[in-house]
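Asks: structure for the following, please:
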Amino acid sequence: MSATENIYELLTTDDDARLCDEIGESACRETPSGFTFILISYFLTKLGDAIASPKTTLAWLTSALGTPAFVLGFLVPIRESGSMIPQLFIGSVIRQLEIRKWVWVAGSVGQFLAIGGIGLVALKLEGAAAGWAILALITVFSLARGFCSVAAKDVMGKTIPKPNRGQLIGWSASAAGLLTIGVGITLLLPLGDRLDRQTLAILLFFAASLWLAASLVYSQIREFSGETGGGRNAIGALKQLSLLWTDKPFLHFVITRALLMCSALSAPFYIALAQDARGSAIHVLGAFLAAAGMASLVSGPVWGRFADVSSKRVMIAAAVITAGIGIITFLVDKLLPGLGQSVWFLPLAYFILSVAHDGVRIGRKTYVVNLAPGNKRTDYVAISNSVIGVLLLLVGSVGALASVIGMSGVIVVLALMGLAGAIVGRSLPDN
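Replies: Down below sits the predicted model:
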């Protein structure tokens, strides 16, 4: 057996690497190598994400360069929504391509150039000029990421059997978790307080190189020609939004996914609560990163296997966990402040939230890949991501309520949103 076949059999529950569902006999024979190449590519990009995170490294960099305060506030929204909102139009372009792995490769190269550019900014610019340059490069990075997001779902749908897609996403999440633990521990060490511009630039250049390496690995996937339906212009792309009211199962999924945004939106408020209680923001952040990494390490493969049985149930379970820990955190903050300010409570709560968030992410990715074949899958991914990108910006404004109801109040509002997501998700069709 080849090395890729050994890896495939080790990491999946498929006893026969030739048993495939919906992808064809030719693609079936290439499944072990495709699985391995995708896994390695995702591993490399997850490492890049951990090193060049807008919540840690880039936020630190903007402060070190003396950029305007608004730059810090826009890093995460631009990175997330900038990659999702344009996907409606990106998907329309990708529809005309029989082989789509090259879209992912090009997107990964774009991310390499953007992060490398930010490394140069760290060395050469300061103040407002540095801030605007970073925002521009984050926009480029985000757009390139959008191309990768749409193409990745299609390539996976064409090369990986339906029963093993969740496991692939789960193992990549687990590997990312191991790496994130390392990043968190680094921030807990004294070295983390001595990071200067030159060191940050080196880290960013290294992170950039990981996306370049990932593009080389991904290019080795053997992808067979798939369905095409021709590209669309902007008006044609917008017309595809009609799927939201003509395709009831898809609309149901989008509504459920929108409610499950609570798991991602809640995270900063747990950290803010801890900062209020413990201070020393960078060390607090290191503890939370380590907790998030441990959550992904231990929960990713479990959620992945569960998703291959029922991705719908994964989303429901993750929503219930998100709601439960949010309500508990609110009650502890209001009724037992001593417990809430202890060293261990909020990192533990964040660990549980991170476990739930991994379940949300793995469940909804697996669900949408399995929801439809061919170009319809491309439409589903592009439309849902574009809609969620807009909603993310809107719902993200819930943070403005913190001055009125407090951090824990925002957490419980988002927890109730997750509870609604669990209720709505119960009536999703199985796939």
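Asks: and stretch 152-165, C-alpha only, in PDB?
Replies: The C-alpha trace of stretch 152-165 is given here as PDB (Å, rounded to 0.1, in the frame of the first residue of the first chain):
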ATOM      1  CA  ALA A 152     -12.600  23.700  -1.600                       C
ATOM      2  CA  LYS A 153     -16.200  22.600  -1.100                       C
ATOM      3  CA  ASP A 154     -16.400  21.600  -4.800                       C
ATOM      4  CA  VAL A 155     -13.100  19.700  -4.900                       C
ATOM      5  CA  MET A 156     -13.900  17.900  -1.700                       C
ATOM      6  CA  GLY A 157     -17.300  16.900  -3.100                       C
ATOM      7  CA  LYS A 158     -15.700  15.600  -6.300                       C
ATOM      8  CA  THR A 159     -12.800  13.700  -4.700                       C
ATOM      9  CA  ILE A 160     -13.800  12.500  -1.200                       C
ATOM     10  CA  PRO A 161     -16.600  10.000  -0.500                       C
ATOM     11  CA  LYS A 162     -19.600  11.300   1.300                       C
ATOM     12  CA  PRO A 163     -19.000   9.100   4.400                       C
ATOM     13  CA  ASN A 164     -15.500  10.600   5.000                       C
ATOM     14  CA  ARG A 165     -15.900  14.300   4.400                       C
END
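Asks: distance between it and the chain's centre?
Replies: A distance of 17 Å separates the centroid of the chain from that of stretch 152-165, by Cα atoms, centre = their mean, to the nearest Å.
Asks: lowest-confidence helix or strand of the protein?
Replies: helix 234-239 (a mean of 60; mean pLDDT, DSSP states H and E).
Asks: next SSE downstream of it?
Replies: Scanning forward in sequence from helix 234-239 by DSSP states H and E, the next helix or strand is helix 243-246.
Asks: residue 267 touches residue 353, doesn't it?
Replies: Yes. With contact defined as Cβ atoms under 8 Å, residue 267 and residue 353 form a contacting pair (6.5 Å). Bear in mind the C-beta positions are built from the backbone N, C-alpha and C, glycine included.
Asks: who has more neighbours, these two?
Replies: Ranked by neighbour count (other Cβ atoms under 10 Å), residue 267 and residue 353 place residue 353 first, with 29 against 19.
Asks: any idea of the pLDDT on that one?
Replies: As predicted, residue 353 sits at a pLDDT of 94.
Asks: OK, contacts around the residue nearest to it when sequence neighbours are not counted?
Replies: The shortest distance from residue 353 to any non-neighbouring residue, by Cβ to Cβ, 6 or more residues apart in numbering, is to residue 325 (5.4 Å). Residue 325 makes contact with 349, 352-353, 356, 415, according to Cβ atoms under 8 Å, 6 or more residues apart in numbering.
Asks: quick check: closest non-adjacent residue to residue 315.
Replies: Once flanking residues are discounted, residue 315 sits nearest to residue 363: 3.9 Å by Cβ to Cβ, 6+ apart.
Asks: what's the helix or strand for the one you found?
Replies: If you go by DSSP H and E, residue 363 is part of helix 345-371.
Asks: alpha carbons of the very next helix or strand once past that helix, as PDB, please.
Replies: Following helix 345-371 in sequence order, the next helix or strand is helix 374-395 (DSSP H and E). Output of helix 374-395 as PDB, limited to C-alpha atoms (Å, rounded to 0.1, in the frame of the first residue of the first chain):
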ATOM      1  CA  GLY A 374     -22.300  19.500  -8.900                       C
ATOM      2  CA  ASN A 375     -23.000  23.200  -9.600                       C
ATOM      3  CA  LYS A 376     -25.900  23.300  -7.200                       C
ATOM      4  CA  ARG A 377     -23.400  22.700  -4.400                       C
ATOM      5  CA  THR A 378     -21.300  25.600  -5.700                       C
ATOM      6  CA  ASP A 379     -24.400  27.800  -5.700                       C
ATOM      7  CA  TYR A 380     -25.300  26.700  -2.200                       C
ATOM      8  CA  VAL A 381     -21.900  27.500  -0.800                       C
ATOM      9  CA  ALA A 382     -21.500  30.800  -2.500                       C
ATOM     10  CA  ILE A 383     -25.000  32.100  -1.700                       C
ATOM     11  CA  SER A 384     -25.000  31.000   1.900                       C
ATOM     12  CA  ASN A 385     -21.500  32.400   2.600                       C
ATOM     13  CA  SER A 386     -22.400  35.800   1.000                       C
ATOM     14  CA  VAL A 387     -25.600  36.000   3.000                       C
ATOM     15  CA  ILE A 388     -23.800  35.000   6.200                       C
ATOM     16  CA  GLY A 389     -21.000  37.600   5.500                       C
ATOM     17  CA  VAL A 390     -23.600  40.400   5.400                       C
ATOM     18  CA  LEU A 391     -25.400  39.100   8.500                       C
ATOM     19  CA  LEU A 392     -22.100  38.700  10.400                       C
ATOM     20  CA  LEU A 393     -21.400  42.500  10.000                       C
ATOM     21  CA  LEU A 394     -25.000  43.300  11.200                       C
ATOM     22  CA  VAL A 395     -25.200  40.800  14.100                       C
END
